[in-house]
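**Student:** with the input below, show me the fold.
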Amino acid sequence: MAIELNTRKGKLVEVINLGNFLLDGGTMFGRIPKAIWEKWFPSDERNRILMATNILRIYLGDGMVYQIDAGLGSLYTDKEKDILGIDRTMQNPVSQDKRIDYLVLTHLHFDHCGGISDLEVKESVIVSRQEWEDTQKVTELTRKSYRQRDLKQISQKLLLVEPPMEVSPGIEIIPTPGHTKGHASILVDNEIFFAGDLLPTYAHVHLPCIMAYDLYPTEIVEVKKKMLNRARSEGWTIIFEHDPYTPMKKASALNN
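**Tutor:** Below you'll find the predicted structure:
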């Protein structure tokens, strides 16, 4: 079920969870001890915690539809489904309109763009140039995060951009490096901030909470601090892409 938000400038924004999956809790919280993070996210017998795939749908007055990120998708081997707990957590996938005009991707890890296989993108798939270039020169740390099948499909409609910039009036792409070098977050009408993996869950508002997946940990702490200060100052609502319990929160109510 979608959460509907309306901006003061008249945009309808939906927060939609495309399905949950499981990830290792220690990896998601890095240096934070399990005794602390498990109070926020209970783990299963394999140390995995429940993760959401919350995406945004933005409906413009002219009928255009922008989607921010695409979720996991469904193209996984049986082994991958077992590791990610997909069969356990995605038994009732969300029904949604598959046709959109533009897809904006915060970055190109499979849990953010794998769902492109389930979409019909009419116009463009918008990606930061830095992020795309980094997929072409993977390292041992990044190799398993990028899937060639996703990149091939993205390339058919690819539009590379250089954030910060607006892709449409009121839809701003903001560079938020740290998780990856080219990671970007999206701001809608200076009201709704889709953080992507800058703040994957509400718990990651705590500055020391960074993921083992974050390639540039010291940088992400500084970027988090900067964006959280701006969010409080501007009164944004923050969307937490991977949080199944607290998908959104007013910045004025954050506690870190």
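**Student:** just give me the residue closest to the centre of this structure.
**Tutor:** residue 196 (3.2 Å; CA atoms, centre = their mean).
**Student:** and that one, its phi and psi?
**Tutor:** When read as degrees, to the nearest 10, the backbone of residue 196 gives phi 60, psi -140.
**Student:** what do you get for residue 187?
**Tutor:** Backbone torsions for residue 187, taken as degrees, to the nearest 10, come to phi -120, psi 130.
**Student:** got the contact list for it?
**Tutor:** Residues near residue 187 by CB atoms under 8 Å, 6 or more residues apart in numbering: 171-172, 174, 193-194, 236. Where C-beta positions appear, they are placed from N, C-alpha and C, glycine not excepted.
**Student:** picking up where we left off before, what sits closest to the residue nearest to the centre of the chain if chain neighbours are left out?
**Tutor:** In space, and not counting its chain neighbours, residue 196 is closest to residue 106: 3.3 Å by CB to CB, 6 or more residues apart in numbering.
**Student:** so who does the one you found touch?
**Tutor:** 68-69, 112, 183-186, 194, 196-197, 241.
**Student:** point out where the stretch 51-200 of the chain drops to low pLDDT.
**Tutor:** Along the stretch 51-200 of the chain, the model assigns pLDDT under 70 to residues 87-96.
**Student:** list the beta-bridge partners for residue 51.
**Tutor:** Counting by DSSP bridges, residue 51 forms beta bridges with residue 21.
**Student:** that one touches residue 17, doesn't it?
**Tutor:** No - between residue 51 and residue 17 there is no contact under CB atoms under 8 Å: 10.2 Å.
**Student:** how close does residue 105 sit to residue 151?
**Tutor:** As judged by CB to CB, to the nearest Å, residue 105 and residue 151 stand 11 Å apart.
**Student:** please identify which of these two sits among more neighbours.
**Tutor:** residue 105 (25 against 17; other CB atoms under 10 Å).
**Student:** please report how far the more buried one lies from residue 193.
**Tutor:** Applying CB to CB, the value for residue 105 to residue 193 is 16 Å.
**Student:** is residue 212 part of a helix or strand, or is it coil?
**Tutor:** When classified by DSSP: H, G, I helix; E, B strand; the rest coil, residue 212 comes out as coil.
**Student:** tally of neighbours for the residue lying closest to it once chain neighbours are set aside?
**Tutor:** Sequence neighbours aside, residue 27 is the residue nearest to residue 212 in space, at 4.5 Å (criterion: CB to CB, 6+ apart). Residue 27 sits with 13 neighbouring residues when counted by other CB under 10 Å.
**Student:** residue 27 contacts residue 214, doesn't it?
**Tutor:** No - Residue 27 lies out of contact with residue 214 (CB under 8 Å); the separation is 10.3 Å.
**Student:** buried stuff in the one helix or strand the residue nearest to residue 212 maps to?
**Tutor:** Using DSSP states H and E, residue 27 maps to helix 25-29. Within helix 25-29, the residues scored as buried using 16 or more other CB atoms under 10 Å are 25-26, 28-29.
**Student:** and the following helix or strand past that helix, what other elements does it pack with?
**Tutor:** Using DSSP H and E, the helix or strand that follows helix 25-29 in sequence is helix 34-40. Secondary-structure packing of helix 34-40 (3 or more CB pairs under 8 Å, 6 or more residues apart in numbering; DSSP states H and E): helix 25-29.
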